[in-house]
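sharing a sequence plus its predicted fold:
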Amino acid sequence: AQSVTQLGSHVSVSEGALVLLRCNYSSSVPPYLFWYVQYPNQGLQLLLKYTSAATLVKGINGFEAEFKKSETSFHLTKPSAHMSDAAEYFCAVSLAGAGSYQLTFGKGTKLSVIP
Amino acid sequence: DAGVIQSPRHEVTEMGQEVTLRCKPISGHDYLFWYRQTMMRGLELLIYFNNNVPIDDSGMPEDRFSAKMPNASFSTLKIQPSEPRDSAVYFCASSSGMTGGDQPQHFGDGTRLSIL
């Protein structure tokens, strides 16, 4: 069974500062990994995904994430936070080639950006 | 392109009433998912369909919940009778094909359900 742990339910950064949101996964087989963002009163929107093509994945809005197998991590970063980045971020894992589909989400990290 | 469309966006009803949530997936997507989101439990997968057939309903909390997908462009999630603890935001999502789960899911804006 796969699982996802997001460290920190709430992260605050100053505008212009580095954003780092942590995600660790557990999977018995090579995983597919996703980051989603949820703005208030909206559904989840895909930021980026890792599907084994490259360990550094670039997404929308200047975000990127690096897959580190040795650390079972898939942390999300952005060099400079913008006020519009304030939202909740979810890491998710799916099993590769599992035959049946289940996307397991972390509990989310709420990002606040301080002006 | 039209995304996943859910209706209604908000629903307030009294305990014991039947509630029906509706979802129209993205055209061409053959997987459809129903999720529930609460502060306490986060995002929970309730059920998912492939080509209109329910594949895994192990997340459905109890028999009061049922879901159908009569055709490729429409699905419903029904709660009967509803209880206050069913209050949550319910999301529908769809995805295209599945080559081992690498296709992202596209989410609707959700239905915020309040049971009084």
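All right, it came through fine.

ok, how many other residues are close to B:Thr76?
15 (other Cβ atoms under 10 Å in any protein chain shown). To be clear about C-beta, it is placed using only N, CA and C from the backbone, and glycine gets the same treatment.

and B:Pro70, by the same measure?
Number of residues near B:Pro70 (other Cβ under 10 Å) recorded here: 9.

from chain A, how far out is it?
21 Å (Cβ to the nearest Cβ, to the nearest Å).

next up, the contacts around the residue nearest to that residue when sequence neighbours are not counted.
Closest residue to B:Pro70 apart from its sequence neighbours, by Cβ to Cβ, 6 or more residues apart in numbering or on different chains: B:Asn52 at 7.3 Å. By Cβ atoms under 8 Å, 6 or more residues apart in numbering or on different chains, the residues touching B:Asn52 are B:Met69, B:Pro70, B:Asn71, B:Ala72.

low-confidence stretches in the chain?
Picked chain A for this. A:95-101 (pLDDT under 70).

if you could check chain B rather than the one you did, that'd help
Ranges of chain B meeting pLDDT under 70: B:1, B:98-101.

related to what we said a few turns ago, next, the residue nearest to B:Pro70: phi, psi?
phi 80, psi 0 (degrees, to the nearest 10).

in the sheet, who's paired with residue 6?
Reading this off chain A. Taking DSSP bridges as the rule, A:Gln6 bridges to A:Cys23.

nope, chain B please
Note on B:Gln6: beta-bridge partners B:Cys23, judged by DSSP bridges.

next, give phi and psi for residue 9.
You didn't pick a chain, so chain A it is. Dihedral angles (degrees, to the nearest 10) for A:Ser9: phi -80, psi -20.

not what I meant, chain B
Dihedral pair for B:Arg9: phi -80, psi -30, per degrees, to the nearest 10.

that one reaches B:Thr111, doesn't it?
Yes: using Cβ atoms under 8 Å, B:Arg9 is in contact with B:Thr111, at 6.3 Å.

the strands in chain A, which residues?
Along chain A, counting by DSSP state E, strands occupy A:3-7, A:10-14, A:19-26, A:31-38, A:44-50, A:56-58, A:64-68, A:73-78, A:87-95, A:103-105, A:109-114.

angle of the first one against strand A:73-78?
This means strand A:3-7. 40 degrees (axes from the mean of the first three to the mean of the last three Cα atoms, to 10 degrees).

contact partners of strand A:3-7?
The contact list for strand A:3-7 (Cβ under 8 Å, 6+ apart) reads A:21-27, A:89-93, A:104-109.

please indicate which of those are buried?
Buried residues within the contacts of strand A:3-7, counting neighbours by 16 or more other Cβ atoms under 10 Å in any protein chain shown: A:21-25, A:27, A:89-93, A:104-106, A:108-109.
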